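*Asks:* Next input, structure requested:
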Amino acid sequence: MTTIPITRRGLLLVLSSPSGAGKTTLSRRLLGIDPTITMSVSVTTRKPRPGEVDGKDYYFIAEAEFQARAAAGELLEWASVFGNSYGTPRAPVLAALEAGRDMLFDIDWQGCQQLHARLPADLVRVFILPPSVAALERRLRTRAQDTPDVVARRMAEAGNEISHWAEYDYVIVNEDLDASLARIEAILTAERSRRERQTGLMDFVTGLRAAL
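*Replies:* Next up is the predicted model:
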């Protein structure tokens, strides 16, 4: 089946969750099966974790540079999480939207609020919940990326993060990764088809009517 190209404005898909609920894993799997969406690469002041690549996973910068970018208006959103600063560069996001490209964001509720304040019509917000507190703690411990003290801090913060679930357009309980990924794909399909995002629809419909 041939798809008729209709000009479309891009969208910004935000996945948020408490640490360990699965948003990063879901983000990577979505990127692996959908070549039409790209990851927004954030800047951060934290140190790289094993296997992370500068410019691919994050742009790793010093705190002074981060603050200078924020002050200059070069970041769409920024927040401090567990003692480190994270932010989204403005220019590549706006360029993607205008070009009709979709971008994926793995950010927390603070960043999502700021993006919504600046680009509400372009945002699709999905919150990922763990199936239980026990599952959340187990995932944090088994991924072996953090010290026991950091795991305890993340668990203590989880309640505050989960309290923001109602600010999101969609909520998924991530009990099964395959099922959760399928739901995210369905959300993307529906949101891409929204009338207001299909900026070339008026010309297309006009052409159809003229041919009748």
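
*Asks:* low-confidence ranges in the protein?
*Replies:* For the chain, applying pLDDT under 70 flags the ranges 1-3, 143-146.

*Asks:* just the strands in it please.
*Replies:* Ranges of strands in the chain, per DSSP state E, are 12-16, 37-39, 42-44, 58-60, 75-81, 84-89, 102-106, 123-129, 170-173.

*Asks:* Stretch 51-64: end-to-end distance?
*Replies:* 25 Å (C-alpha to C-alpha, to the nearest Å).

*Asks:* Mind listing what's buried along it?
*Replies:* 57-59, 61 (16 or more other C-beta atoms under 10 Å). Using the backbone N, CA and C atoms, a C-beta is placed for each residue, glycine as well.

*Asks:* Could you look over the strands of the chain and pick the most buried one?
*Replies:* Neighbour counts (mean count of other C-beta atoms under 10 Å) averaged over each of the strands of the chain peak at strand 12-16, with a mean of 24.

*Asks:* Who are the packing partners of it?
*Replies:* helix 23-33, strand 102-106, helix 109-118, strand 123-129, helix 177-192 (3 or more C-beta pairs under 8 Å, 6 or more residues apart in numbering; DSSP states H and E).

*Asks:* beta partners for Tyr86?
*Replies:* Thr44, Ala79 (DSSP bridges).

*Asks:* I figured it was touching Asp57, is that so?
*Replies:* No. Using C-beta atoms under 8 Å, Tyr86 is not in contact with Asp57; the gap is 12.0 Å.

*Asks:* thinking again about what came up before, with distance to Val173 as new columns, can the buried residues of stretch 51-64 be given to me in TSV?
*Replies:* Shown next, in TSV, are the buried residues of stretch 51-64 (distance: C-beta to C-beta, whole Å):
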residue	distance to Val173
Asp57	27
Tyr58	28
Tyr59	32
Ile61	35
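
*Asks:* Name all residues that make contact with Val81.
*Replies:* 108, 110 (C-beta atoms under 8 Å, 6 or more residues apart in numbering).

*Asks:* separation between it and Asn160?
*Replies:* 12 Å (C-beta to C-beta, to the nearest Å).

*Asks:* Please apply the same query to Asn174.
*Replies:* 19 Å.

*Asks:* ok, those two, which is more surrounded?
*Replies:* Asn174 (22 against 10; other C-beta atoms under 10 Å).

*Asks:* From Ala72, how far off is the closest residue to Arg153 other than its chain neighbours?
*Replies:* Once flanking residues are discounted, Arg153 sits nearest to Phe82: 6.5 Å by C-beta to C-beta, 6 or more residues apart in numbering. Noted for Phe82: a distance of 25 Å to Ala72, by C-beta to C-beta.

*Asks:* Kindly report the same for Thr88.
*Replies:* Where Ala72 is concerned, Thr88 sits at a distance of 14 Å (C-beta to C-beta).

*Asks:* Out of the helices and strands packed on strand 12-16, flag the one nearest Arg139.
*Replies:* Closest approach to Arg139 among the helices and strands packed on strand 12-16 (C-beta to C-beta): helix 23-33, 9.3 Å.
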